[in-house]
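Asks: This is a predicted model, with the sequence first.
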Amino acid sequence: MSGFGNHFSSELVPGILVPRQNNPQKVKSDLYAEQLSGTAFTAPRGENRRTWMYRALPSVSREMGQERVAFENFAADAEILDAGPVPMRWSPRPEPHKACDFLDGLITLGKDGESFDSTSLSVHSYVLNQSMERRALKNHDGELLIVPYAGEIDIVTELGSLHLTPTDIALIPRGMIFRVDLLKGPAAGYICENYGKPFRLPDLGPIGANGLANPKDFIVPSARVEEAEGYDIYSKYRDRIWVTRGTPTPFDVYGWQGNLVPYKFNLANFVTFGSISVDSPDPSINTVLTSPSHEPGTASIDFVAFCPRWQVMETTFRPPYFHRNVMSEFMGSIQGVYEGKATGFVPGGASLHNRMVPHGPDVDTYRNGTTADLAPHKLDNTYAFMFESRLPILPTKCAVEAVWRQSDYLRCWEGFEKRMTVK
């Protein structure tokens with residue numbers, strides 16, 4: 001199924017979904033009807049998100065007692081370290097040296113507040129070399145935007161599964177249980193955890209009715225079930241991790257209907273726009289998804305993608321310009337070479353430029369940009385992304401002290417010559 005924000009439905013056996021009703025007195029095969037609400041009941045109709053599931057066992061039957069557990073360097077166990085307003089960059093995270101599933105491989109790189117603050121976000125990294133065996137995760141705090149850069153994974157959710165490779169992204173709603181299976185590995189990627197309003201497509205304004213991420217290119221899973229016992233279900237609640245052990249499988253939904261669903265989108269389907277005269281548009285023209293804030297015109301989070309595209313601007317410095325931004329920018333490279341950095345920013349790498357921290361092209365990129373032939377040029381086989389936040393993204397101790405952090409990052413701007421006084 002495809003679409004974004006639609007009302008979807010899927011059933012494994014005809015007759016599970018009943019016309020006119022969400023909660024019939026008796027569901028086919030004595031299944032249990034259960035609603036998952038992603039917004040308040042009274043949210044405006046255009047923003048209201050909920051899904052009805054028809055399952056073998058109600059979720060409350062799995063709440064058989066919980067214990068608090070810790071995952072080193074993830075969520076509340078990831079200590080914030082005040083590193084000051086400096087640019088930071090990381091090489092790809094090393095592969096794990098021991099057995100490691102998605103849950104084991106999560107670390108928090110930065111956060112801008114507590115996860116129960118509805119305006120905040122966290123940025124995580126994941127690596128894995130094995131599937132989650134009889135383990136699943138439920139995030140009470142926010143939705144998860146998953147951006148792989150290596151390997152192939154299946155994200156198995158209560159509503160069905162999504163197959164992801166690099167250049168795919170996935171959006172998992174708050175409260176939806178899922179696990180990650182490894183298909184080809186090791187696998188790795190980045191995650192934006194959004195505690196605010198759910199991600200949505202940006203308004204197109206003067207662009208018109210079509211373009212950027214078109215709704216028809218978002219993929220929604222179909223119902224699937226499994227027969228399994230002995231699941232450990234991990235819950236992230238107020239940034240702490242709790243586990244309920246030995247439950248029946250949570251992947252027992254035989255039919256569902258609603259608009260609170262997981263999505264998959266391939267960035268190769270993003271329709272880029274740009275200047276066909278002079279100057280470069282601001283990077284906001286590449287917004288794939290946005291989470292609005294209370295301040296009109298200012299997003300809580302924007303997810304921005306830099307995909308293959310033509311550059312034809314005349315008399316223009318075409319690489320990304322020097323910049324200081326009131327928004328904070330966490331960038332990652334997925335594939336190919338990023339146009340703003342000649343070296344050092346490779347697939348799997350990431351950078352952080354917090355609000356008003358200066359950044360821009362390195363010396364080699366600047367020199368090439370000021371001397372290049374301005375014939376039409378295609379930026380091909382390049383995929384990078386940005387999580388842009390209205391709040392500072394405070395790095396964690398494990399991110400600041402990581403052996404894969406590039407401590408010499410600032411040197412990429414060495415060599416700029418001071419211009420003579422203009423008379």
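Replies: Yep, that arrived. Numbers count the residues shown, from 1 in each chain.
Asks: how about Ser29, secondary structure?
Replies: helix (DSSP: H, G, I helix; E, B strand; the rest coil).
Asks: Gly160 versus that one, what's the distance?
Replies: 19 Å (C-beta to C-beta, to the nearest Å). Bear in mind the C-beta positions are built from the backbone N, C-alpha and C, glycine included.
Asks: For Thr370, give its distance to His323.
Replies: In terms of C-beta to C-beta, Thr370 sits 17 Å off from His323.
Asks: ends of stretch 130-148, how far apart?
Replies: Across stretch 130-148, the terminal residues are separated by 15 Å (C-alpha to C-alpha, to the nearest Å).
Asks: Which one of Ser29 and Gly160 is surrounded by more residues?
Replies: Neighbour totals were compared for Ser29 and Gly160, and Gly160 leads with 20 against 12 (other C-beta atoms under 10 Å).
Asks: Who is that one paired with across the strands?
Replies: On the basis of DSSP bridges, Gly160 is bridged to Thr157.
Asks: That one contacts Ile219, correct?
Replies: No: if you go by C-beta atoms under 8 Å, Gly160 and Ile219 don't touch, sitting 10.2 Å apart.
Asks: In contact with Glu158, which residues are there?
Replies: Listed by C-beta atoms under 8 Å, 6 or more residues apart in numbering, the contact set of Glu158 reads Met53, Arg55, Met176, Ile177, Phe178, Pro250, Phe251, Val253, Trp256.
Asks: Quick check: Asn23 is in a strand.
Replies: No: counting by three-state DSSP, Asn23 is not part of a strand but coil.
Asks: Distance of it relative to Gln35?
Replies: Where Gln35 is concerned, Asn23 sits at a distance of 8 Å (C-beta to C-beta).
Asks: Spatially nearest residue to the most centrally placed residue in the chain (excluding sequence neighbours)?
Replies: For the chain, Leu145 is the residue whose C-alpha lies nearest the centre (C-alpha atoms, centre = their mean; 2.4 Å). With C-beta to C-beta, 6 or more residues apart in numbering as the criterion, Leu145 has its nearest non-adjacent residue at 4.3 Å, and that residue is Cys192.
Asks: Mean confidence (pLDDT) on the helix or strand harbouring the one you found, please.
Replies: Element membership for Cys192, per DSSP states H and E: strand 178-194. Per-residue pLDDT over strand 178-194 has a mean of 97.
Asks: Packing partners of it?
Replies: Helices and strands touching strand 178-194, by 3 or more C-beta pairs under 8 Å, 6 or more residues apart in numbering; DSSP states H and E, are strand 121-128, strand 135-139, strand 143-157, strand 299-306, strand 383-389.
Asks: Let's have these in TSV, adding mean pLDDT and distance to Lys341.
Replies: Shown next, in TSV, are these (pLDDT from 0 to 100; distance: least, C-beta to C-beta, whole Å):
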stretch	mean pLDDT	distance to Lys341
strand 121-128	97	19
strand 135-139	97	33
strand 143-157	98	16
strand 299-306	96	12
strand 383-389	97	10
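Asks: CSV for these, including distance to Ser235?
Replies: Shown next, in CSV, are these (distance: least, C-beta to C-beta, whole Å):
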stretch, distance to Ser235
strand 121-128, 16
strand 135-139, 5
strand 143-157, 14
strand 299-306, 23
strand 383-389, 24
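Asks: what's the closest of those to Ala40?
Replies: strand 143-157 (15.5 Å; C-beta to C-beta).
Asks: Might you report the residue contacts of Val180?
Replies: Asp101, Phe102, Leu128, Ser131, Met132, Ile153, Asp154, Ile155, Val156.
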